[in-house]
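Colleague: structure, please.
(one chain, ligands or ions: 3)
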Amino acid sequence: MNIQMQVCGLIILLLILYFYKRQDTVGLYTEALFRRALYTCMGCLVLDILSVILIVNQDRFPGLLVRAECKMYLVSLVGTGYAALVYACADVFSLTKMNGFVKRMGFAVAAVGVVIFLLPIHIYCEGRNVYTYGSACIATYIGAVTLILVTLFYTTKQGNGMNPGRSRAIRTWMVIWLVSAVIQLLNSQVLLVGFAGALGIFILFFELENPEANIDRKTGFFNARAFTDYVKYKYNSGEEVAGMLVSLDNAHSSDIRIEHMADIMSEVTELIRRIPETKKFKTDDREFSLVFDNTEQMERAYNMINSRFQREWLEEVENITPVSLQPYYVMVPSGRVADNADEMLGFLRYFRAHIIDNPESHVNVIDENSVAKKKERDAMLATIVTAMEEDRVEVFFQPIYSTHTKKFVSAEALVRIRREDGSMIPPGMFIPIAEETGLIVRLGERVFEKVCKFITEHAPEQYGVEYIEINLSVVQCEAKSLAKCYSDIMDRYKINPAFINLEITESASIVMRKTLLDNMKALINYGVSFSLDDFGNGQSNLNYIVDMPVHIVKFDRDMTQAYFVSEKARYVLQAATDMMQGLGLKVVAEGVETAEQLRELERLGIDYIQGYYFSKPIETNQYLDFLKVKNL
Ligand code: C2E
Ligand code: MG
Ligand code: MG
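Modeller: Ligands and ions are numbered 1, 2, ... in the order given. So this is what the prediction gives:
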């Protein structure tokens, strides 16, 4: 009997079923459809084997029964094709659209089934060779091949939003099926089709439906991939969804040590395991995401987790100080907050990053207000991107006055974005967003390039300018490529590096100190000098200044202004100036707005003055005019 292939196929499917059943599944629609395809294919193989057995022993069974069984097998073959199509469609259509399509196709398949039963079938059996032929078989071929072609069409159609991995796996199955059908048509003794169906299920299982791929090994919760799929599925099926993210990354604590953290994580995992009414996902190293059917369930879960964090985290081990710890929560209530899955996932991700920036609050419940803020930020992000594309990023210059030479020997380059209507967006509105998204790296390069271009084109040294100061963001300083990139730009514009002074802030010297220092050293070797910007704005630490290879220190506007209102501030500024100058550094006072302030700071011995008293930041041409009038 030539049933080896079918038996092999059946064994493969039984193994898949065994592995599948051993794992927890997320509860996605596609999982149900996959199971349906698996069972249909198994049924088809069983009927295939049974039909061969019946044919070989046909003298012992009524002819009608044998033929009816053979026809049932043929119908199940079309049924498997239909199950494959339905599975493929889950990604192609929305659920409501899919239901309509699947129903129509279902009627057509049922009609083909009836036709197969009505048409005659012939049986060939000689020794070990067994097969069927006749118009019922031809109808089966037409039905199955049509289904395969429709599936291929939908999975190949561009832009249908289908995950490329999914469509590839399904297409492979369809092609295997088509090839085996052609082989069987040409050589009817090779009964390949049933086995090819099993192969298809095998491919789907390994590529897409292996439940293990959705599981986080350590906790046994579902993983980030399953989380995305599940949220999409919930929205797609029109169900209510509430989502909560619990993050212990950068969690607030008086004293967390690494070994502590592992214990805390395993206790939190157990705590979360006990939460009822939710699907649990481990979406990052120290992060859990929970999906609920409504906000009330989510609130109950929050209370449950939070009550544990109300107490201090006491270790059983002796001599360990109790740790008080607060995770971050981001909650998206069900209802109108997020209209679709992508929006909800975006909110969770965005507000998680955001809450880390804002360590005072542990709980961020997303409401219309926060959504509006996020939208505003997204709009600003788009504005930055288009401004860069359309070259509407501009550099303004604010002249800097030397109290020694009484000339404007320098200027600070300050970035602006020109709106389409010609008005200007100040950097305070877009620099933080550019930093958060990493866009600052490209933006900073653009500014630097524009300054270099200005220097080569206008040769400001002819008006007595000695150097230009350009701001560097913390994020730029974290990039190892900074020094190379900036020296390449200076090479390209043939800039004398002594004309460039880069401003860094103290936050840059705290974050990624090593990379920053490497960058600074390389650039100093190249010939560039550095300033420490915003000194006195609250984070100042004198140790850093002593250690940093800077040449100039710039007093923040608040510090300059405080000098004129508080006696304490006056002593601090005086002492700081003495100390800096003692270290051989030059000092700039920013934010000088009146003649009286200028006189007082000059008397104090401040080297350079920058402020509205002389000029606000101005456009290139205005700056050149300013220099011509004031310096020549
Ligand atoms: P900053 O580097 O401390 O620049 C000085 C800021 O103080 C400028 O604001 C300047 O217009 C303002 N200012 C100067 N003198 C006075 C004064 O007398 N009174 C008042 N009220 N303000 C004064 P601007 O241009 O809005 O820039 C704000 C901040 O944006 C800058 O502070 C800097 O941190 C950042 N920024 C500007 N351009 C760039 C850039 O190209 N790259 C990076 N990374 N940051 C930049
Ligand atoms: Mg600055
Ligand atoms: Mg400053």
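Colleague: ok, residue 445 to residue 487 distance?
Modeller: The gap separating residue 445 from residue 487 is 12 Å, by Cβ to Cβ, to the nearest Å. All C-beta spots, glycine's among them, are computed from the backbone N, C-alpha and C.
Colleague: who has more neighbours out of the two?
Modeller: residue 487 (19 against 16; other Cβ atoms under 10 Å).
Colleague: so who does the residue in the stretch 201-350 of the chain that ligand 1 sits nearest to touch?
Modeller: At 22.0 Å from ligand 1, residue 350 is the closest residue in the stretch 201-350 of the chain, using Cβ to the nearest ligand atom. Applying Cβ atoms under 8 Å, 6 or more residues apart in numbering to residue 350 gives the contacts residue 374.
Colleague: which SSE is the residue nearest to residue 44 when sequence neighbours are not counted in?
Modeller: Nearest residue to residue 44, sequence neighbours excluded (Cβ to Cβ, 6 or more residues apart in numbering): residue 76, at 4.0 Å. In this structure, residue 76 sits in helix 63-92 according to DSSP states H and E.
Colleague: how about residue 243?
Modeller: Assigned by DSSP H and E, residue 243 falls in strand 242-253.
Colleague: tell me the first helix or strand C-terminal of that strand.
Modeller: helix 258-273.
Colleague: what number of residues lie near residue 30?
Modeller: When counting by other Cβ under 10 Å, one arrives at 18 neighbours for residue 30.
Colleague: hmm, I was thinking of residue 262
Modeller: Applying other Cβ under 10 Å, we find 10 residues neighbouring residue 262.
Colleague: how far away is it from residue 566?
Modeller: In terms of Cβ to Cβ, residue 262 sits 49 Å off from residue 566.
Colleague: ok, residue 338 next?
Modeller: 48 Å.
Colleague: likewise residue 422?
Modeller: 41 Å.
Colleague: show me which of those two is the more surrounded one.
Modeller: Taking other Cβ under 10 Å, residue 422 and residue 566 do not tie; residue 566 has more neighbours (12 against 7).
Colleague: quick one: that one from ligand 1, how far?
Modeller: 18 Å (Cβ to the nearest ligand atom, to the nearest Å).
Colleague: contact partners of stretch 418-426?
Modeller: Applying Cβ under 8 Å, 6+ apart, the set of residues contacting stretch 418-426 is 383, 387, 392, 393, 394, 416, 417.
Colleague: 6 Å instead?
Modeller: Outside stretch 418-426, the residues that touch it by Cβ atoms under 6 Å, 6 or more residues apart in numbering are 392, 394, 416, 417.
Colleague: do a quick rundown of the helices in the stretch 101-250 of the chain.
Modeller: Per DSSP state H, counting those that start in this stretch, the stretch 101-250 of the chain carries helices over the ranges 135-156, 164-186, 193-204, 224-236.
Colleague: helices and strands around the first one, which ones?
Modeller: Just to be clear, that refers to helix 135-156. Judged by 3 or more Cβ pairs under 6 Å, 6 or more residues apart in numbering; DSSP states H and E, the packing partners of helix 135-156 are helix 63-92, helix 95-118, helix 164-186.
Colleague: of these, which is nearest ligand 3?
Modeller: helix 164-186 (48.2 Å; Cβ to the ion).
Colleague: ok and the closest one relative to helix 63-92, angle-wise?
Modeller: 150 degrees (axes from the mean of the first three to the mean of the last three Cα atoms, to 10 degrees).
Colleague: pLDDT on helix 164-186, on average?
Modeller: Across helix 164-186, the average pLDDT comes to 87.
Colleague: picking that back up, so which of the helices and strands packed on helix 135-156 is nearest ligand 2?
Modeller: Of the helices and strands packed on helix 135-156, nearest to ligand 2 by Cβ to the ion is helix 164-186, at 46.0 Å.
Colleague: let me know the angle separating that closest one from helix 135-156.
Modeller: Going by the same axes, to 10 degrees, helix 164-186 makes 160 degrees with helix 135-156.
Colleague: which residues touch helix 164-186?
Modeller: 88, 91, 148, 151-152, 155, 190, 192-193, 196, 199-200, 203-204, 207-208.
Colleague: PyMOL command to pick out the buried ones of those?
Modeller: Selection of the buried residues among the contacts of helix 164-186 in PyMOL, burial being defined by 16 or more other Cβ atoms under 10 Å:
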select buried, resi 88+91+148+151+152+155+192+193+196+199+200+203+204+207+208
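Colleague: quick check: the farthest pair among the contacts of helix 164-186?
Modeller: 91 and 190 (32.9 Å; Cβ to Cβ).
Colleague: residue ranges with poor pLDDT in the stretch 101-250 of the chain?
Modeller: Low-confidence regions of the stretch 101-250 of the chain, defined by pLDDT under 70, span residues 158-162, 250.
Colleague: tell me the phi and psi of residue 407?
Modeller: phi -120, psi 160 (degrees, to the nearest 10).
Colleague: which pLDDT value goes with it?
Modeller: Residue 407 is given a pLDDT of 97.
Colleague: kindly report the same for residue 284.
Modeller: pLDDT, read off for residue 284, is 89.
Colleague: just to revisit the earlier point, could the helices and strands packed on helix 135-156 go into a markdown table alongside distance to residue 557?
Modeller: Formatted as a markdown table, those follow (distance: least, Cβ to Cβ, whole Å):
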| stretch | distance to residue 557 |
| --- | --- |
| helix 63-92 | 56 |
| helix 95-118 | 58 |
| helix 164-186 | 53 |
